[in-house]
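**Q** here is my input, please return the structure:
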Amino acid sequence: MENSRFDALETIKEVLYFLAVTVIAFGWMFLMLLIISFVAVSVIRIRIPAMLMISGVFTVAVVVFYVIRRVRKKRKDNEIQRMLRE
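**A** I've put the predicted structure just below:
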């Protein structure tokens, strides 16, 4: 019963990690698009609003991947704990 109780500190840590991953993903993609834009200024013209939109889409993709990975890990951990109790 102890393992299934709500742990507020763990939840807060997971939320903070999730927010950190989201911010890092958005910042990384935006920075990469800025660098590409500056290097290839005569070939590719990407405006700031387009960079923000592309970075947002990339961030959503990373967030979905992160959430799926966390859910799979939680399911696996729960299955292992259930098997150990039996």
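
**Q** so the residue most central in space within the chain versus residue 76, what's the distance?
**A** In the chain, the centroid-proximal residue (CA atoms, centre = their mean) is residue 63; its distance is 3.6 Å. Between residue 63 and residue 76 the distance, using CB to CB, to the nearest Å, works out to 20 Å. To be clear about C-beta, it is placed using only N, CA and C from the backbone, and glycine gets the same treatment.

**Q** what does residue 20 give?
**A** In terms of CB to CB, residue 20 sits 23 Å off from residue 76.

**Q** same question, residue 44
**A** Taking CB to CB, one finds residue 44 at 42 Å from residue 76.

**Q** cool, and residue 27?
**A** 30 Å.

**Q** repeat that for residue 70.
**A** Separation of residue 70 from residue 76 (CB to CB): 11 Å.

**Q** for these two, indicate the residue with more neighbours.
**A** Comparing residue 70 with residue 76 by other CB atoms under 10 Å, the one with more neighbours is residue 70, at 14 against 10.
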